[in-house]
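Visitor: Sharing a model that was predicted from the sequence below.
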Amino acid sequence: MADLLFSIFFFILGTVVGSFLNVCIYRLPRDQSIVAPPSHCPACGHGLRPLDLVPLVSFLALGRNCRYCDAPIGWRYFLVELVTGACFVAVWLTSQQVWSEGAPAVAACGAKLVFAALFIAIFFIDLEHMVIPDELAFTGIGVGVALDLAAIFLWHRPLMQLRVPGSAWVLALPQSVVGLLVGGLFFLVIELFSRLIFRKEGMGGGDLKLGAAIGAFLGPWVALLSFGMAVVAGAIVGVALIVTRLRRRHEYIPFGPFMVVCALAVMLYPALVRHAELAYHAWRSTWAG
């Protein structure tokens, strides 16, 4: 019974956060403040009352139309609230040990909720506007580094030991810093390669910053796994869109949505990491044999 009540609580919390994310998704690409003015109808500008802002319910009760000017309301508003609620429940269900493992697990669960919200906002903004706002990417970097530093100084997480190639030097760095550098450099290399070989932009600065944020939170190795999954998923979807003529060959496809979906997948389903490790060891054994 307790699990059900907590799931309901996190779903409601997620829909409320999703309602705020809708504000961010609309305003951030337009360089508008997410604080002022208060929520209003984009069509007529009329301020929205509390009854107009009940997550999920108001959208359905109003029949997808503004109460004041009857302008249609896009399904994206409902979808963002629903997906955020579902993601918050998923975070809770994969983090139920927080009460037995204490403060570190509680902090990690909180960080996962923040990243789930950031990922959802980035997904819809990049999909529509092909841009990833710096505010969201830098917030992710800050949360990832802050969680790691708290784990180091409060809960004695060891630093990552990195041997400098060709020398006896060993660098001891926070996992988040290594992940941040690996995530940023991964997409920087792709961008440089694309400009050198194809003479065009491969990855935008937003993808690079998002990669750094994912690396800071997930750590370098798990982040690289999610990046690899995103590249494969992006290639498959890109080819499918070209074959079906929904996209032309030289048209850009936003990569941010693939990055956040795959990062969410490894965050919410840690078994993916174990499966990847087993596959890697099996591959190495095959070649060693």
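Guide: Thanks, I have it.

Visitor: so residue 69, which of the three states?
Guide: Following DSSP: H, G, I helix; E, B strand; the rest coil, the label given to residue 69 is coil.

Visitor: Leaving out chain neighbours, which residue sits closest to it?
Guide: residue 44 (3.7 Å; Cβ to Cβ, 6 or more residues apart in numbering). Yep, even glycine has a C-beta here, placed from its N, CA and C like the rest.

Visitor: Could you verify that the one you found is part of a helix?
Guide: No - the assignment for residue 44, made by three-state DSSP, is coil rather than a helix.

Visitor: Could I get the buried residue list for the helix or strand harbouring residue 10?
Guide: In this assignment (DSSP states H and E), residue 10 forms part of helix 2-27. Neighbour-count burial for helix 2-27 flags 7, 10-11, 13-26 (criterion: 16 or more other Cβ atoms under 10 Å).

Visitor: Also stretch 227-244?
Guide: 227, 229-231, 233-234, 238.

Visitor: So what touches that stretch?
Guide: 183, 186-187, 211, 214, 247-249, 253, 255, 258-259, 261-263, 265-266 (Cβ atoms under 8 Å, 6 or more residues apart in numbering).

Visitor: about what we covered before: and the buried residues of stretch 227-244, which is closest to residue 98?
Guide: Proximity of these to residue 98 (Cβ to Cβ) peaks at residue 229, which lies at 26.6 Å.

Visitor: Assign the closest one to helix, strand or coil.
Guide: helix.

Visitor: And for residue 172?
Guide: Per three-state DSSP, residue 172 ends up strand.

Visitor: ok, it touching residue 163?
Guide: No - Residue 172 is beyond contact range of residue 163, at 10.8 Å (criterion: Cβ atoms under 8 Å).

Visitor: I'd assumed residue 65 was in contact with the residue nearest to residue 69.
Guide: No - at 11.4 Å, residue 44 does not count as touching residue 65 under the criterion of Cβ under 8 Å.

Visitor: shared neighbours of these two, anything?
Guide: Residues touching both residue 44 and residue 65 by Cβ under 8 Å, 6+ apart: residue 71.

Visitor: Centroid-nearest residue for the protein?
Guide: Nearest to the centroid of the C-alpha atoms of the chain, with distances taken as Cα atoms, centre = their mean, sits residue 119, at 2.5 Å.

Visitor: Could you list the low-pLDDT ranges of the stretch 51-200 of the chain?
Guide: Scanning the stretch 51-200 of the chain for pLDDT under 70 picks out 99, 198-199.

Visitor: how about the helices in it?
Guide: 57-61, 75-93, 98-101, 103-129, 134-153, 175-197 (DSSP state H, counting those that start in this stretch).

Visitor: Now do the same contact list for residue 130.
Guide: 204, 252, 254.

Visitor: how much space between it and residue 111?
Guide: Distance of residue 130 to residue 111, given as Cβ to Cβ, to the nearest Å: 27 Å.
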